[in-house]
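S.K.: A predicted structure for the sequence below; I have some questions about it.
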Amino acid sequence: AAALVVELTPAEIAQSRLEQEPLLLGGQVYAASRQGVLLLYGQVPNADAYQAAIAIAKAVPGVSEVDAAALRIAAPALTSTVERLAAQFPDLAFAVEGSSVRISGSTTKTELQQVTAALAQVAYIGYIDASAVTLRAGYYLYTVQSDDSLASIAERELGDGEAWELLAFINRDQIADPDVIYPGMQLKIPQ
């Protein structure tokens, strides 16, 4: 007698594994695949379940990427998500009003994008109001190399060699003469 071999798709494997995960109880997570990308959609009960669903999907053979943009965290998880974000971003204040969130305070554009992306994952969120947030400049540090000048750094890091004056101004606490910088100096570069 010949054995019957059934080959499951990555989406079917993921769906089976998702249905067996205890953290996902109380949620409805579905999987579909398209061109090596495993799409997750539906609703999970909390942020831990959201992370577990993504980890399960990433572990499926044949999956090169997981897209969880349509996977939402249930509305009761809004408060816990806001509490986590408040601890992670202490310069921001969050006010939950029903299913909506009002954000105030001061942060960088990158951090605000991280916050709004995390909040957008909460299912049934009404709106996210960040109109009271003041954006401040964000910087990263660049270590000066032996052949660097402010103009070459500005060209390489900012795409505009003429922005050397901006670098000189931002780093005026270290740079007395814009023509004199030293290897090893840590310069702030705007994001």
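M.R.: Looks like it arrived, so ask away.

S.K.: next, the residue at minimal distance from the centre of the chain: secondary structure please.
M.R.: The centre of the chain sits closest to residue 114, judged by CA atoms, centre = their mean, with a distance of 4.7 Å. Under DSSP: H, G, I helix; E, B strand; the rest coil, the three-state class of residue 114 is helix.

S.K.: wait, what's in contact with residue 92?
M.R.: 85-86, 103-107, 115, 133 (CB atoms under 8 Å, 6 or more residues apart in numbering). For every residue, glycine as well, the C-beta is placed using N, CA and C.

S.K.: and if we set it to 10 Å?
M.R.: 85-86, 103-107, 111-112, 115, 130, 132-133 (CB atoms under 10 Å, 6 or more residues apart in numbering).

S.K.: please identify the helix or strand for residue 167.
M.R.: helix 164-170 (DSSP states H and E).

S.K.: list the buried ones in that helix?
M.R.: 164, 167-168, 170 (16 or more other CB atoms under 10 Å).

S.K.: could you dump those to JSON lines with distance to residue 60?
M.R.: Converted to JSON lines, the buried residues of helix 164-170 look like this (distance: CB to CB, whole Å):
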{"residue": "164", "distance to residue 60": "49"}
{"residue": "167", "distance to residue 60": "46"}
{"residue": "168", "distance to residue 60": "52"}
{"residue": "170", "distance to residue 60": "46"}
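
S.K.: going by distance to residue 47, which of these wins?
M.R.: Nearest to residue 47 among these: residue 170, at 36.4 Å, using CB to CB.

S.K.: quick one: the closest one and residue 191 touch, right?
M.R.: No - applying CB atoms under 10 Å, one finds residue 170 not in contact with residue 191, separated by 11.6 Å.

S.K.: shared neighbours of these two, anything?
M.R.: 137, 139.

S.K.: picking up where we left off before, from the buried residues of helix 164-170, which single one is nearest residue 177?
M.R.: Nearest to residue 177, judged by CB to CB, of these is residue 168 at 9.0 Å.

S.K.: per-residue confidence at the closest one?
M.R.: Among the per-residue scores, residue 168 holds a pLDDT of 92.

S.K.: those helices in the protein, which residues are they?
M.R.: 10-20, 47-58, 78-88, 109-120, 150-153, 164-170 (DSSP state H).

S.K.: make JSON lines out of those and add distance to residue 139.
M.R.: Conversion of the helices of the chain to JSON lines gives the following (distance: least, CB to CB, whole Å):
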{"stretch": "helix 10-20", "distance to residue 139": "40"}
{"stretch": "helix 47-58", "distance to residue 139": "29"}
{"stretch": "helix 78-88", "distance to residue 139": "19"}
{"stretch": "helix 109-120", "distance to residue 139": "11"}
{"stretch": "helix 150-153", "distance to residue 139": "13"}
{"stretch": "helix 164-170", "distance to residue 139": "7"}
